[in-house]
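**Q** can't give you the sequence, but here's the structure:
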């Protein structure tokens, strides 16, 4: 996936009806909600937008990524391995300013619910798929999904995600960035594929 993976580090009507979601941003056709996640001090988010494009175009953009190499570009998702149509493994690293330690994450995307009008890509951390890197904290808790739903000539794109950034980052710092990362990702996705 070429889209910057900043959202992994900091980082509809059905959403509005869900318990405890609080609208954090609604701008340029992108809406983002946050809520507490189980017993964690860190929150999860849900972002939604509509794009006039094909389902295949969105899937291609989400799964398209440069191959993983050592010293890969920070802030970009890199493809480690794939079982086409079933499972995809991605690696991303984020450099943080001193005195904070860099973070990295390995995420496994698996094709879940699929029909003519919807596709779900489940996201789960896979921290043991690569050796850890010196002076870099590996994110171990990450879970969520991408949900793509056809509504007429538009695709409704939803991402829901929770992650624990590890280490001593105060929750108020991470939670304050939960909107910025997803908003930038969704803005880039809309710019690449077309907007509603």
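**A** Looks like it arrived, so ask away. Model, not experiment: these values are computed from the prediction.
**Q** Just the helices from the protein, written as ranges.
**A** Under the criterion DSSP state H, the chain contains helices at 13-16, 55-63, 171-176, 180-193.
**Q** tell me the contacts of residue 108?
**A** 87, 88, 89, 123, 124, 125, 126, 129 (C-beta atoms under 8 Å, 6 or more residues apart in numbering). C-betas here are computed from N, CA, C, even on glycine.
**Q** Actually, residue 114.
**A** Per C-beta under 8 Å, 6+ apart, neighbours of residue 114: residue 120.
**Q** Specify the beta-bridge partners of it.
**A** Residue 114 forms beta bridges with residue 119, as assigned by DSSP bridges.
**Q** All the strands of this protein, residue numbers only.
**A** According to DSSP state E, the chain carries its strands in the segments 22-27, 30-36, 43-51, 78-83, 87-94, 102-115, 118-125, 136-138, 141-151, 154-164.
**Q** which one of those lies closest to residue 69?
**A** Each of the strands of the chain has some distance to residue 69 by C-beta to C-beta; the shortest is strand 78-83, at 7.3 Å.
**Q** List the buried residues in the closest one.
**A** 78, 79, 80 (16 or more other C-beta atoms under 10 Å).
**Q** Could you export the residues you listed to TSV, including columns for distance to residue 22 and pLDDT?
**A** Below are the buried residues of strand 78-83 laid out as TSV (distance: C-beta to C-beta, whole Å; pLDDT from 0 to 100):
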residue	distance to residue 22	pLDDT
78	33	93
79	34	94
80	35	95
